[in-house]
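>>> With the input below, show me the fold.
(chains A and B)
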There are 2 protein chains.
Amino acid sequence: MRLSTWMRFAMGGMVTAAITVATAAMAQPGTGPQRVFVNTLMPQPSQLTAGDGSLIIAPGFSFSFDKTHDDRLDGAVDWALERLKHQTGVMVQDAPSGATGTLVISVDGPGEAVQGVDEDESYALEVTAQNVHLHAATDVGAMRGLETLLQLVQADGRGFWLPVVSIQDAPRFRWRGLMLDVSRHFEPVGVIERTLDGMAAVKMNVFHWHLSDDQGFRIESKIYPKLTGMGSDGQYYTQDQAREVVAYARGLGIRVVPEFDIPGHSTSWVVGYPELASAPGPFSIERHFGVFDPVLDPTRESTYEFLDKFIGEMAAIFPDAYLHIGGDENNGVEWKANTKIQAFAAAHNLKGTAALQAYFNQRLLPLLTKHGKKMIGWDEVLTPGLPKDVVVQSWRGFDSLAAGAKQGYSGILSAGYYLDHMQTAADHYRVDPVPAKSDLTPEEAARILGGEACSWAEYVGPRTIDSRIWPRTAAIAERLWSPRTVTSEDDMYRRLAVESLRLEELGLTHISQEEASLRALAGTQQIDPLRPLMSVLEPVNFDTRSNWSEHHGITTLSPMDNLVDALPPDPPSRHDFGDLMSTYLADPVAHPEEEATLRQAFRSWAAQPETLELLSTSPQLAEALPRAQQLAEMGAMGLEALSYVSSGVAAPANWKSQKLAILDDAQKPVALTRFTVLDAMRALVNEAGSRQ
Amino acid sequence: MRLSTWMRFAMGGMVTAAITVATAAMAQPGTGPQRVFVNTLMPQPSQLTAGDGSLIIAPGFSFSFDKTHDDRLDGAVDWALERLKHQTGVMVQDAPSGATGTLVISVDGPGEAVQGVDEDESYALEVTAQNVHLHAATDVGAMRGLETLLQLVQADGRGFWLPVVSIQDAPRFRWRGLMLDVSRHFEPVGVIERTLDGMAAVKMNVFHWHLSDDQGFRIESKIYPKLTGMGSDGQYYTQDQAREVVAYARGLGIRVVPEFDIPGHSTSWVVGYPELASAPGPFSIERHFGVFDPVLDPTRESTYEFLDKFIGEMAAIFPDAYLHIGGDENNGVEWKANTKIQAFAAAHNLKGTAALQAYFNQRLLPLLTKHGKKMIGWDEVLTPGLPKDVVVQSWRGFDSLAAGAKQGYSGILSAGYYLDHMQTAADHYRVDPVPAKSDLTPEEAARILGGEACSWAEYVGPRTIDSRIWPRTAAIAERLWSPRTVTSEDDMYRRLAVESLRLEELGLTHISQEEASLRALAGTQQIDPLRPLMSVLEPVNFDTRSNWSEHHGITTLSPMDNLVDALPPDPPSRHDFGDLMSTYLADPVAHPEEEATLRQAFRSWAAQPETLELLSTSPQLAEALPRAQQLAEMGAMGLEALSYVSSGVAAPANWKSQKLAILDDAQKPVALTRFTVLDAMRALVNEAGSRQ
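Model (predicted):
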């Protein structure tokens, strides 16, 4: 049984536990020649065969191309070798061309001029004790293989090495995306680029850029300057910046699909161009969250003339075959209130909002076609008569997606991958776009192109976005890349802990942000006394935060610097503590070491004077004082429970119900935080209380 | 006596110590009405009078201008209020114009169109229980006052507030700069901008941008594209980016002085333009560190024609009155080896390298004048006949600076402010451009404009630059702004710890980088077992690292991802542990609490299995294994010493010499690290060993 590093160290104690996975590569420290390969690949490749032996990474390590290479591939190789250099201290030399390098990169051709859904991303990686062969059909396949190669690097006190291994790999799904909402809160280009770095590291290939919504219009239009001039608060991407992002993404083998959400979610359009709207206006940028009334007027020719020019302008910036037109959550209020629109609907026999929106989409389609774009939209675009080459993105769920596939539509899944819901990595990991139990025919199943993680930005800003996306998105990336059979959540979490560090090395701040925020809130660099409590807290779920925010008048302009913003969702404590507890409870007598670790954890939960003092230093931390008290109660409860379980002595009659009541109380939101350990504690209390 | 947060928490123990400064504002937690103002201003203002009472920062807090304001001031106020919002959660409302806001900003005028040496940076800040009045003559003065206002904010568990206070403030020196070498290692614009944010926070006003040197030419010239085309490895600023930096700096009240280091330190110029050189070439970008031979040819008219056009091009980008021409460390080798140059020198009666360089500077001066620039250069430019309006930047020392001032030259001090020397904040803090003992007349002293911290970049990259600059530069900034009488190092360190957190809130990574690097090196998120050791280690000094680097063939292309790069110079442990030790040793019997804290520290220094295991996980950490052993020895030694001191029992005859020998051994570099606690340990051993 594995004792995680978290359990061993978070308690600050002296537990001498089994070698952990993260450090297992040093199983023979210092002397012996044997090196143990620990597979931390994420996503897991489709086929991997490990051999004996290793290839030491040492000065003299060289690389060469033995087929073609172009600027993009050169850049990708440079970037990979730069990271290898930073990790190992070894500068990889150029070898003469041909198969002379320690690393031979063999690529058949550059791949598509504009990367598409069918780009070949496969690669093969052969590591022997002498050298590495990376073969791919395209630059993009080579990029995927280079990421795998970097993930294969093993370290111990003696040096860095690669295991002898043979890998044949290709993605299960062709569309593996991440959607960023930059409307509700804007993200600077630097954040976008580091997010792309993270995506490439876990082999994602579509950056879906949600560029407009009620709360802001985020890309410069030179034809319609009032879109950002009046609809963005000055927070938008210039066209040059957008082109830079597209080029940056292409360098990583990532497509960029821009979304302009219409006809609803369009307040930011009509602030500057009220003539597009279905109500008289004037309009102002929406500061709140939810579904709002502003919607484009589908009955005026001028609307389509505007969209024609606008789409043409955007098509010149975004080369991808697809343009996302949103299409979600049009509440129809303004359409119903507008007699002219209603008259139009009646004249055209369009019954209801959905029919009118279908008309709008039918008018939109030829505009997209004219500018060389295919349409993708959210569930709601799927209306009768929709051409079959429209892709449907399902936020409603698998059934909706499958229904589309049966009708002949291609689709991607996003239901279950909403990062803002503050679910666990395991929750997302369990969501399969084509589950084993699916009744789709192979032909229908093939229409399901993949999925996209969605980062909606009600409560996300540049400081916190990384911890909201990473590392959980790596689990989604694996679901979309790896074979369906790769489903072990324990193994996923083991590798996720390593991937999380690799992502940090890329420049992502998902780990360091928590510490920096806690330092800021506590007003001191010494936040050790906060760690036991903070390590078992996470943000409340989306609904709880939304309700609270509505009640407290939170808007897009409100600060996001509270404790809830500092805490990452699904911190290591949930899985590690749960794993420890279930191992222990499965056979308490056989697990004295786990019992000792649990006891130490419970003792560390006592409310220490330093902790309480630090919690009192700022209003935002002071809100969490009840959490310290609750954790102390759970610590005491845990120690009692362990004594009942281990001694076999029965707990008093009402003990269990009293303790479960305390846990129920701890389940309630405080300071927009929740505990990660309640399920495990319930299991312990139930076990201890059942021995009567 | 103050027990620092570091001492209380770094040990992981339960010490219930005196309230620390960082948390002193919560001296009356929860209930009582009295709020205690803790002055953490950095730099300290020239005059501060604290009154009774406080102004609560709560919803409804508003601001107004009661005189003029322009875009720049609006931007500065927005930025300040945005930070106030992030800190306190309170959104400051616009009040009607005039003196109606809770914060009334009263600015007489915008200040100079191009900020100069004589820009008025003074301000007055009056906080009453009802409102805040900020008055300044210029936008820049208002910016300085806004930073002070933000630093005045106090927090406790009940909320945020401002103390009633009256501040009159103006800088002691007019030139308070930071020089960044971006040639030896390039820094992206994002790093430059966050560095500017930090500078503004501590009221610095000159960004000296060292844009060319042997190792790289870092700014685009459209006239001479081979400067970056062949001399930069593609790492340079476009002219647009440079203009962006200049505008960004102006928004913060910071001048940008570009440096083009000539005639020496010019290898990167002559890679693309060998016709400028004094030797035949060809040349390649220098990868090593030190002083090299390439030097511009001062005898050819074409050299000056080139410089004329180049300076004209740069003058259009950098509006500052000054242009820095470097002028340092010309070794004269190529001039001496070139018969044509020697013949020229003989013909013009120029004896030796210095005379020839003086000629070069004399030729350069009218070119600068033609393009509206004044000259600034390093010490070496100060040669007979130099016009008095040239400013001399002294890297040689105060004597050189004073000598210039006596001759009538204005100067700025950089000797003593070299951040790459890995000195302590206190070391820099003690260096005064016009020390009390100076024999300069008031008129001469007035010629000393100020000083500049210098970040030379042999061993600095984008990941590590923040910890090399911050927080130590804040101590230099205070030396240059605050009255000469502000000299308490203890108080400086107390405030520096708070300023360090404020700088982190601005987006600087000087604290989080250490942790992220240790996670990367250790391969785990759980680095607690490394903390006791890492908290008492810091990088070796510049000379030690240079010698090592030369021996190991380190170049500009070598990775900088070793333990030495992770560790910050002058970490809190040195001052805090030294302070604790000296308090204890001054009167051991009277300080049982300090003794207990020391004992706990010494116990935490024992080499734990987890620590050794983590140190074994990577080659870079494994190098530091001897340090763990040494720390354990020092812990044992410390416990023994405490027992001798506290018991009055004499140590054995050879005890002291044995222990001092161990400390001498620990003084030697290991893994390019050194201990921060050796002086304090020596004091303890000497005390314990003297009781025979």
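>>> I'd assumed residue A:363 was in contact with residue A:304.
Yes. Using C-beta atoms under 8 Å, residue A:304 makes contact with residue A:363 at a distance of 5.5 Å. Glycine gets a C-beta too; all of them are placed from N, C-alpha and C.
>>> quick one, which of these two is more surrounded?
Set side by side, residue A:304 and residue A:363 show unequal neighbour counts under other C-beta atoms under 10 Å in any protein chain shown, the larger going to residue A:304 at 17 against 14.
>>> Now tell me what touches the helix or strand the more buried one falls within from outside.
Here residue A:304 is covered by helix A:301-315, with elements defined by DSSP states H and E. With C-beta atoms under 8 Å, 6 or more residues apart in numbering or on different chains as the contact definition, helix A:301-315 has outside contacts at A:219, A:221-224, A:258, A:260, A:262, A:273, A:275-276, A:296-297, A:323, A:363-364, A:367-368, A:370-373.
>>> hmm, 7 Å instead?
Under the criterion C-beta atoms under 7 Å, 6 or more residues apart in numbering or on different chains, residues A:221-224, A:258, A:275-276, A:296-297, A:323, A:363-364, A:367-368, A:371-373 lie in contact with helix A:301-315.
>>> Among those, name the ones in strands.
Counting by DSSP state E, the part of the contacts of helix A:301-315 found in strands is A:258, A:323.
>>> what about burial for the contacts of helix A:301-315, which qualify?
Applying a neighbour-count criterion of 16 or more other C-beta atoms under 10 Å in any protein chain shown, the buried members of these are A:221, A:224, A:258, A:276, A:296-297, A:323, A:364, A:367-368, A:371, A:373.
>>> Looks like residue A:374 contacts residue A:322 (just checking).
Yes. Here residue A:374 reaches residue A:322: they are 5.1 Å apart, a contact under C-beta atoms under 7 Å.
>>> Compare those two (neighbour count), which wins?
Here residue A:374 and residue A:322 are set side by side on neighbour count (other C-beta under 10 Å), and the busier one is residue A:322, at 23 against 17.
>>> Thought residue A:377 was touching that one, still the case?
No. The criterion here is C-beta under 7 Å, and residue A:322 misses it with residue A:377 at 10.0 Å.
>>> Sketch out the low-pLDDT regions of chain A for me.
Per-residue confidence of chain A (counting by pLDDT under 70) places the weak regions at A:1-33, A:692.
>>> Buried by neighbour count: which residues of the helix ranked longest in it qualify?
Of all segments of type helix in chain A, defined using DSSP state H, the longest is helix A:625-647. Neighbour counts using 16+ other C-beta under 10 Å place A:625, A:627-628, A:630-642, A:644-645 of helix A:625-647 among the buried residues.
>>> Which secondary structure elements does it sit against?
If you count contacts as 3 or more C-beta pairs under 7 Å, 6 or more residues apart in numbering or on different chains; DSSP states H and E, helix A:625-647 packs onto helix A:531-534, helix A:592-604, helix A:609-615, helix A:655-667, helix A:678-689.
>>> what comes into contact with it?
When contacts are taken as C-beta under 7 Å, 6+ apart, the neighbours of helix A:625-647 outside the stretch itself are A:533, A:536-537, A:588, A:595, A:598-599, A:602-603, A:605-607, A:611-612, A:615, A:651, A:659, A:662, A:666, A:670-671, A:673, A:681, A:684-685, A:687-688, A:691.
>>> can you rerun that using 6 Å?
If you take C-beta atoms under 6 Å, 6 or more residues apart in numbering or on different chains as the criterion, helix A:625-647 is touched by A:533, A:588, A:599, A:602, A:605-607, A:611, A:615, A:651, A:659, A:662, A:666, A:670, A:681, A:684-685, A:687-688, A:691.
>>> How far does stretch A:594-610 sit from its chain's centre?
Computed by C-alpha atoms, centre = their mean, to the nearest Å, the separation of stretch A:594-610 from the middle of its chain amounts to 32 Å.
>>> send the alpha carbons of that stretch over as CSV?
Output in CSV follows, covering the C-alpha atoms of stretch A:594-610 (Å, rounded to 0.1, in the frame of the first residue of the first chain):
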residue,chain,number,x,y,z
GLU,A,594,-1.9,3.5,8.4
GLU,A,595,-3.5,3.7,11.8
ALA,A,596,-0.4,5.6,13.1
THR,A,597,-0.5,8.0,10.2
LEU,A,598,-4.2,8.6,10.7
ARG,A,599,-3.5,9.3,14.4
GLN,A,600,-0.8,11.7,13.6
ALA,A,601,-3.1,13.5,11.1
PHE,A,602,-5.9,13.8,13.7
ARG,A,603,-3.4,15.2,16.2
SER,A,604,-2.3,17.8,13.7
TRP,A,605,-5.9,19.0,13.3
ALA,A,606,-6.0,20.4,16.8
ALA,A,607,-6.5,24.2,16.7
GLN,A,608,-3.1,25.6,17.5
PRO,A,609,-2.6,29.1,19.0
GLU,A,610,-0.5,30.1,16.0
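>>> contacting residues around the residue in the stretch 201-350 of chain A that chain B sits nearest to?
Closest residue of the stretch 201-350 of chain A to chain B, C-beta to the nearest C-beta: residue A:240 (9.4 Å). Contact criterion C-beta under 6 Å, 6+ apart gives no residues in contact with residue A:240.
>>> Go again with 10 Å.
Residues counted as contacts of residue A:240 (C-beta atoms under 10 Å, 6 or more residues apart in numbering or on different chains) are A:189, A:220, A:317, B:240.
>>> Ok, residue A:455 next?
Going by C-beta under 10 Å, 6+ apart, residue A:455 touches A:178-182, A:187, A:195, A:208, A:210, A:417-420, A:465, A:468-469, A:473.
>>> let's go with 7 Å and repeat that
Residues in contact with residue A:455, defined by C-beta under 7 Å, 6+ apart, are A:178-181, A:419-420, A:465, A:468-469.
>>> For it, give me phi and psi.
Listed backbone geometry of residue A:455 is phi -110, psi 90, with angles given as degrees, to the nearest 10.
>>> With the one 4 residues further on instead?
Backbone torsions for residue A:459, taken as degrees, to the nearest 10, come to phi -130, psi 40.
>>> same deal with residue A:183?
Here the main-chain torsion angles of residue A:183 (degrees, to the nearest 10) amount to phi -90, psi -50.
>>> So whichever residue of the stretch 151-300 of chain A sits closest to chain B versus residue B:619, what's the distance?
Using C-beta to the nearest C-beta, the point where the stretch 151-300 of chain A gets nearest to chain B is residue A:157, with a distance of 3.8 Å. Shown here: residue A:157 relative to residue B:619, a distance of 6 Å by C-beta to C-beta, to the nearest Å.
>>> so residue A:617 makes contact with residue A:522?
Yes. Distance between residue A:617 and residue A:522: 5.5 Å, which falls inside the contact criterion (C-beta under 7 Å).
>>> Those two: which has the busier surroundings?
In terms of neighbours (other C-beta under 10 Å), residue A:522 is the more surrounded of residue A:617 and residue A:522; the figures are 25 against 21.
>>> Between its first and last residues, how far does stretch A:579-596 reach?
Taking C-alpha to C-alpha, to the nearest Å as the measure, stretch A:579-596 stretches 15 Å from start to finish.
>>> again with stretch A:282-294
End-to-end distance for stretch A:282-294: 11 Å, by C-alpha to C-alpha.
>>> any bit of that stretch sitting next to chain B?
No. Against chain B, stretch A:282-294 shows no contacts by C-beta under 7 Å from any C-beta of the partner chain, the least distance being 11.4 Å.
>>> Return the distance of that stretch from the chain's centre.
27 Å.
>>> what do you get for stretch A:199-213?
With C-alpha atoms, centre = their mean as the basis, stretch A:199-213 stands 10 Å off its chain's centre.
>>> do the same with stretch A:651-666
In terms of C-alpha atoms, centre = their mean, the gap separating the centre of stretch A:651-666 from the centre of its chain is 37 Å.
>>> Extract the C-alpha set from that stretch and format it as PDB.
In PDB, the C-alpha atoms belonging to stretch A:651-666 read as follows (Å, rounded to 0.1, in the frame of the first residue of the first chain):
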ATOM      1  CA  ALA A 651     -18.800   3.200  21.300                       C
ATOM      2  CA  PRO A 652     -21.600   4.600  23.400                       C
ATOM      3  CA  ALA A 653     -25.000   4.300  22.000                       C
ATOM      4  CA  ASN A 654     -25.400   7.800  20.700                       C
ATOM      5  CA  TRP A 655     -21.800   8.400  19.800                       C
ATOM      6  CA  LYS A 656     -22.200   7.700  16.100                       C
ATOM      7  CA  SER A 657     -25.200   9.900  15.600                       C
ATOM      8  CA  GLN A 658     -23.500  12.700  17.600                       C
ATOM      9  CA  LYS A 659     -20.400  12.500  15.500                       C
ATOM     10  CA  LEU A 660     -22.300  12.300  12.200                       C
ATOM     11  CA  ALA A 661     -24.200  15.400  13.200                       C
ATOM     12  CA  ILE A 662     -20.900  17.200  13.700                       C
ATOM     13  CA  LEU A 663     -19.800  16.000  10.200                       C
ATOM     14  CA  ASP A 664     -23.100  17.200   8.800                       C
ATOM     15  CA  ASP A 665     -22.500  20.500  10.400                       C
ATOM     16  CA  ALA A 666     -19.000  20.600   8.900                       C
END
